[in-house]
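Structure for this input, please:
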Amino acid sequence: MENNEWLESWDRRIRKTIESEQLFRPEETVLVAVSGGVDSVALLHWLNRWRHFLDVRLVVGHVHHGLREKSADEDQAFVEQLAKSYELPVLTQKLSWTQRPQSNVQALARKRRYEALVMMAQRTGARKIALAHHATDQVETMLMKMLKGTSPDGLAGMPIRRGFRGIELVRPFLYETRQMILTYSTFFGLKYREDASNMSLRYRRNAIRHTLLPVLKTIEPTMERHISSLSRQLKDDAHFFHALAFRFLQKNAVVAPGIGELSRASLEALPASLQRRVIHLIWSYLQRSPDSKQSILSFSHLETIHAFVMEEESFSMSLPGSIQLWVKKDRVIFYRQPSPRLAVLLLPGSVVAWPESNMLLALLPLQKVPRTMIGAWSGETDERWPSFLFLSDTALASMGKLTVRTFQPGDRFWHKPDKKVKEAWDDLGIERPWRARWPLITAGGRIVWIPPFFLERPSNRITPKGETAPTFTSDVCVSESSYVLFALKTRSRWPWEHQHGLDVEREGAVDAKEDWTELEFDG
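Numbering: from 1, shown residues only. Here you go, the predicted model:
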């Protein structure tokens with residue numbers, strides 16, 4: 001094939017990939033991650049050639065890892081000069097280390113690199129970060145995962161686009177081999193930097209690249225193309241099954257920050273493959289907590305959960321990432337222990353958000369509450385929401401300050417001192433994982449009201465301490481001087497729902513894993 005024909009074929013394939021995968025949008029800013037190596041230099045060169053056709057603004061981003069001082073300084077100077085030659089803006093950042101990592105160096109450096117690139121993208125207004133991963137990287141990734149153990153979804157390797165920390169990572173070269181990129185670089189005489197660490201066999205990826213891949217190619221020269229094709233098929237399958245799992249959770253799961261619940265019957269009815277994905281998705285949702293650490297829910301964990309759900313009536317177990325699993329009769333609850341919360345004043349006319357239970361608690365004058373809501377409260381609903389309590393101004397004054405807090409051992413009701421809150425929760429089936437995060441309204445240290453409980457009107461009796469019980473009721477009150485204490489459910493959005501404008505059916509459900517889990521090597 002003539003050189004021009006080769007180049008036209010190459011350009012046509014890359015443009016087709018960008019168009020079919022919708023990697024770029026007109027008039028958007030794209031941060032191109034450039035290490036100085038051949039892959040990223042070729043990517044920057046190609047994008048710069050076609051930036052007017054793509055109608056994008058390019059910004060070069062380079063991260064100095066601070067681990068190879070002299071050579072890394074030269075890499076940075078090379079990238080800065082390269083960007084200058086293309087008349088493109090360039091941002092650089094040098095990582096600082098309080099202590100040089102002694103193990104897992106590549107993974108730690110990779111994490112810090114992505115953090116720095118995201119910050120650069122935010123500074124420039126870029127919504128995309130273009131990475132130079134290619135098909136050979138994908139093959140190496142799949143072999144690495146296969147050797148150390150992975151799921152079918154993990155074996156699919158790197159996605160060509162994915163949401164990450166409010167930015168989208170895109171990989172225009174993901175369907176092209178390293179040899180094709182080298183041919184392109186040779187064609188244009190591109191200069192690039194060589195990283196000596198890429199030759200060290202102490203890193204597993206390098207060992208696969210320099211020892212295993214050459215052997216496999218002698219057995220089957222086209223193995224890269226076949227494995228890359230398998231990756232795309234597995235990724236399509238993963239999109240489909242994750243979309244099914246995501247829709248199942250939307251329909252069947254009750255979620256709040258740090259907790260998710262579904263019925264055992266609905267989970268048992270799923271095929272084993274889909275059940276594993278549902279369990280992994282809801283576990284991943286809980287891992288999105290800001291204080292969570294990266295962890296892995298392995299196949300053995302999933303199989304253990306599956307066996308227990310199918311065979312044991314009640315059990316609890318600890319999962320990776322400080323996640324707890326609670327199963328009792330027909331309820332399956334995954335949760336993280338909530339952080340201790342301070343009591344919050346609930347003043348007349350105020351609204352308090354209690355996010356760990358997805359509730360808004362309000363104490364508003366009756367005349368400020370729409371009559372349509374009052375009408376809704378007077379009827380029956382399946383879950384008894386919204387729940388409410390009417391308080392006369394006299395009752396409110398006699399109670400003193402109302403506070404919102406969580407459960408404390410020994411809590412009892414104001415108008416029923418012999419009734420423990422724990423007993424009421426048992427009666428209504430509010431299980432232990434919810435209790436530590438459920439809001440209680442207190443006055444004078446005792447419980448006035450707990451949503452969604454409807455309290456009966458007491459008959460002006462004297463409490464054991466000689467106090468007159470205040471008048472409060474769940475009946476509709478007509479006094480204009482009354483206050484309404486009520487709770488409303490708020491909807492907790494899945495963290496990957498409508499992520500960065502992506503179609504949930506296509507991409508979002510696959511991105512359910514913790515952000516760092518699937519970040520891969522930069523060539």
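
Counting by contacts, list what the longest helix anywhere in the chain packs against.
What stands out as the longest helix in the chain, according to DSSP state H, is helix 223-252. The helices and strands touching helix 223-252, judged by 3 or more Cβ pairs under 8 Å, 6 or more residues apart in numbering; DSSP states H and E, are helix 135-148, helix 152-155, helix 213-219, strand 259-263, helix 272-287. In this view, the C-beta of every residue, glycine as well, is placed from N, C-alpha and C.

Which one of the ones you listed has the poorest average confidence?
Lowest mean pLDDT within these: helix 152-155, at a mean of 80.

ok, so what distance separates Ala33 from Glu21?
For Ala33, the distance to Glu21 equals 18 Å [Cβ to Cβ, to the nearest Å].

scratch that, Thr150
For Thr150, the distance to Glu21 (Cβ to Cβ) stands at 23 Å.

going on from the lowest-mean-pLDDT helix or strand in the chain, what's the next piece of helix or strand?
Least confident helix or strand of the chain, by mean pLDDT, DSSP states H and E, is strand 472-473 with a mean of 46. Per DSSP states H and E, the first helix or strand lying C-terminal to strand 472-473 is strand 483-489.

What pairs with that next one, parallel or antiparallel?
strand 359-365 (antiparallel), strand 387-391 (antiparallel) (DSSP bridges).

For that strand, buried residues please.
Tyr483, Val484, Leu485, Phe486, Ala487, Leu488, Lys489 (16 or more other Cβ atoms under 10 Å).

list the contacts for Leu54?
Counting by Cβ atoms under 8 Å, 6 or more residues apart in numbering, Leu54 touches Ile18, Phe24, Pro26, Leu47.

And for the closest residue to Glu27 other than its chain neighbours, the neighbour number?
Leaving aside its sequence neighbours, Glu27 sits nearest to Asp55 (Cβ to Cβ, 6 or more residues apart in numbering; 5.8 Å). Residues within reach of Asp55, counting by other Cβ atoms under 10 Å, total 12.

wait, doesn't Asp55 sit right on Thr29?
No. Taking contacts as Cβ atoms under 8 Å, Asp55 lies outside contact range of Thr29: 11.3 Å.

circling back: what would the strands paired with strand 483-489 look like in TSV with mean pLDDT?
Shown next, in TSV, are these (pLDDT from 0 to 100):
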stretch	mean pLDDT
strand 359-365	85
strand 387-391	73
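
Deepest in the core, which of these is it.
When these are scored by mean count of other Cβ atoms under 10 Å, the highest mean neighbour count falls to strand 387-391 (a mean of 24).

what are the C-alpha coordinates of it, in PDB please?
Taking Å, rounded to 0.1, in the frame of the first residue of the first chain, the C-alpha atoms of strand 387-391 are listed here in PDB:
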ATOM      1  CA  SER A 387     -46.000  11.700  57.500                       C
ATOM      2  CA  PHE A 388     -47.000  14.600  59.600                       C
ATOM      3  CA  LEU A 389     -47.900  15.900  63.000                       C
ATOM      4  CA  PHE A 390     -50.000  18.900  63.900                       C
ATOM      5  CA  LEU A 391     -49.000  21.000  67.000                       C
END
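
Out of the buried residues of strand 483-489, flag the one nearest to Met142.
Distance to Met142 across the buried residues of strand 483-489 (Cβ to Cβ) is lowest for Lys489, with 43.5 Å.

the more surrounded of Ala33 and Glu21?
Neighbour totals were compared for Ala33 and Glu21, and Ala33 leads with 24 against 16 (other Cβ under 10 Å).

Show me what that one is bridged to.
Applying DSSP bridges to Ala33 gives these bridge partners: Gly61.

Tell me how far it lies from Val448.
Applying Cβ to Cβ, the value for Ala33 to Val448 is 56 Å.

next one: Met158
Relative to Val448, Met158 is positioned 54 Å away (criterion: Cβ to Cβ).

Looking at these two, which is more packed in?
With neighbours defined as other Cβ under 10 Å, Met158 and Val448 compare such that Val448 has more, 24 against 21.

ok, the more buried one - contacts?
Shown in contact with Val448 (Cβ under 8 Å, 6+ apart): Leu389, Met399, Leu402, Trp414, Ile441, Thr442, Phe472, Leu485.

Residues contacting stretch 247-267, please?
Residues outside stretch 247-267 that contact it (Cβ under 8 Å, 6+ apart) are 270, 274-275, 278-279, 281-282, 285-286, 289, 309, 327, 329-336, 338, 355-358, 433-434, 437, 492, 494.

Next step: those residues restricted to helices.
Among the contacts of stretch 247-267, the members falling in helices (DSSP H) are Leu274, Gln275, Val278, Ile279, Leu281, Ile282, Tyr285, Leu286, Val309, Pro433, Trp434.

For Val63, which three-state class applies?
strand (DSSP: H, G, I helix; E, B strand; the rest coil).

Read off the pLDDT value for Val478.
pLDDT, Val478: 48.

cool, Asn206 as well?
Per-residue confidence at Asn206 stands at 81 (pLDDT).

hang on, it in a strand?
No. Assessed with three-state DSSP, Asn206 is helix; it does not lie in a strand.

And for it, the neighbour number?
For Asn206, using other Cβ under 10 Å, the count is 17.

Distance check, it against Pro355.
Applying Cβ to Cβ to Asn206 and Pro355 gives a distance of 45 Å.

With Pro439 instead?
Distance of Pro439 to Pro355, given as Cβ to Cβ: 10 Å.

More neighbours: those two, which one.
Comparing Pro439 with Pro355 by other Cβ under 10 Å, the one with more neighbours is Pro439, at 24 against 14.

Touching, that one and Pro451? I think so.
Yes. At 6.9 Å, Pro439 and Pro451 qualify as touching, with contact defined as Cβ under 8 Å.

Need the residues touching each of those two.
Both Pro439 and Pro451 are in contact with Met359, Leu361, Ala487, where contact means Cβ under 8 Å, 6+ apart.
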